[in-house]
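S.K.: Structure, please.
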Amino acid sequence: MKIKIKEDEVSKAISQLKPQMSAFIDGMEDAIEDKSKDQKEGIATVAGLALALPAILGLIARLGKSINSIVLRTIGKKPTNQNDAEKYFQQMGRIADELHSLYVKPIELVVKRFVKDPNKAHKIATFIFHVIVAILMISSGVTAVKALQAKEINLATLETALTAVKGGEVKQYITKLLA
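M.R.: The predicted model follows:
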């Protein structure tokens with residue numbers, strides 16, 4: 001038993017399916033584009049967090065040293081020698097500095113290909129690093145606003161904090177640059 005299908009019926013079925021398939025494909029493209037935006041924002045957040053890590057560690061180290069000093073003065077001990085907490089926070093500060101240097105080093109290696117003076121190359125690399133931090137600061141601010149609009153308080157809080165930390169780092173760099 002053979003089934004015979006007329007060409008007109010096939011054309012009619014295809015013409016009826018075309019708008020539905022087109023809508024389905026458009027929907028898939030939109031979903032992929034939305035996921036792509038989310039992934040880009042996620043990557044920017046992770047990169048921003050990684051680049052802000054030295055500044056965050058530095059802030060924690062300075063805050064820890066200050067609190068330790070206040071506690072020692074409050075209980076009546078004179079800070080004549082370093083206690084374990086102060087050593088810990090000092091080590092954390094060194095790690096923050098080393099991590100910052102670790103981020104600047106690859107940029108500096110590229111810059112050295114174009115600038116022969118090592119001091120100038122380091123200054124240019126540091127400048128480029130801070131431009132990247134400033135770009136990620138702006139990205140964090142935009143993501144924080146979007147997260148607030150979407151009522152995603154956790155993400156908004158994280159991005160706001162990252163924006164503040166990066167802003168502080170950029171401000172500190174500009175202040176040193178102008179001094």
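S.K.: okay, CA-based contacts and neighbour counts for the rest of this
M.R.: Fine.
S.K.: so the most centrally placed residue in the chain is in which element?
M.R.: A centroid search over the chain (Cα atoms, centre = their mean) returns residue 48, at 1.2 Å, as the residue closest to the centre. Per DSSP states H and E, residue 48 falls inside helix 7-75.
S.K.: ok so, going back, okay but the residue nearest to the centre of the chain is in contact with residue 141, surely?
M.R.: No. With contact defined as Cα atoms under 8 Å, residue 48 does not count as touching residue 141 (11.0 Å).
S.K.: Counting neighbours, what do you get for the spatially closest residue to residue 173 that is not a sequence neighbour?
M.R.: Leaving aside its sequence neighbours, residue 173 sits nearest to residue 130 (Cα to Cα, 6 or more residues apart in numbering; 7.5 Å). Residues near residue 130, counting by other Cα atoms under 10 Å, number 20.
S.K.: how close does residue 67 sit to residue 74?
M.R.: Applying Cα to Cα, to the nearest Å, the value for residue 67 to residue 74 is 10 Å.
S.K.: Comparing those two, which residue is more hemmed in?
M.R.: residue 67 (14 against 10).
S.K.: sorry, back to before: next one, pLDDT for the residue nearest to the centre of the chain please.
M.R.: As predicted, residue 48 sits at a pLDDT of 79.
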